[in-house]
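J.: Provide a 3D model corresponding to the input given below.
(one chain, ligands or ions: 2)
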Amino acid sequence: MLEKHSSKNSSIEKICHDSDCAEKISNLKPEHYNFFKTFTYCPYCAEELMLICQNCKEQLNSTEYKFCPWCGSKFAEINETK
Ligand SMILES: [Zn+2]
Ligand SMILES: [Zn+2]
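T.: Ligands and ions are numbered 1, 2, ... in the order given. Got it, this is the predicted structure:
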């Protein structure tokens, strides 16, 4: 009965509308992908990148979100400082 909707974790991903670019992006190494996530435009076709929730793949319109409005997942902080 005690259901907390903030228990899921996700992160904001950036993806290109173009499926060829999306494939290239998904093949990036993690360290390159972290750098890629700071981009606004696709480096392969210059289209503006789309923000999506990693968990439910729904489109978002802000990187400021702390929770996904579609699935309720909590987003990890982008600027992780250790
Ligand atoms: Zn692209
Ligand atoms: Zn989501």
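
J.: and the residue sitting nearest the centre point of the chain, what helix or strand is that in?
T.: For the chain, residue 13 is the residue whose C-alpha lies nearest the centre (Cα atoms, centre = their mean; 1.3 Å). Residue 13 is part of strand 12-15 when elements are defined by DSSP states H and E.

J.: which bits of this structure sit near ligand 2?
T.: Along the chain, the residues adjacent to ligand 2 under the rule Cβ under 5 Å from the ion are 53, 55-56, 68, 70-71, 73. To be clear about C-beta, it is placed using only N, CA and C from the backbone, and glycine gets the same treatment.

J.: And the strands in the chain?
T.: Counting by DSSP state E, the segments of the chain that form strands are 9-10, 12-15, 50-53, 59-60, 74-75.

J.: Looking at these, spot the one closest to residue 35.
T.: Distances from residue 35 to each of the strands of the chain were compared using Cβ to Cβ; the minimum, 11.1 Å, belongs to strand 12-15.

J.: Can you report how many residues neighbour residue 73?
T.: Other residues lying near residue 73 total 19 when counted by other Cβ atoms under 10 Å.

J.: tell me the contacts of the nearest residue to it once chain neighbours are set aside?
T.: Setting aside the residues directly before and after it, residue 73 is nearest to residue 10 in space (Cβ to Cβ, 6 or more residues apart in numbering), at 3.5 Å. The neighbourhood of residue 10, defined by Cβ atoms under 8 Å, 6 or more residues apart in numbering, consists of 53-56, 68, 71, 73-76.

J.: residue ranges of the helices in this protein, please?
T.: Taking DSSP state H as the criterion, the chain carries its helices at 19-26, 30-36.

J.: Okay, now the sheet partners of the strand holding residue 13, with direction.
T.: If you go by DSSP bridges, strand 12-15 pairs up with strand 50-53 (antiparallel).

J.: Check which residues of the partner strand are buried.
T.: Going by neighbour count (16 or more other Cβ atoms under 10 Å), the buried part of strand 50-53 is 51-53.

J.: Looking at the residues of the chain next to ligand 2, which is nearest ligand 1?
T.: Proximity to ligand 1 was ranked across the residues of the chain next to ligand 2 by Cβ to the ion; first place goes to residue 53, at 19.3 Å.
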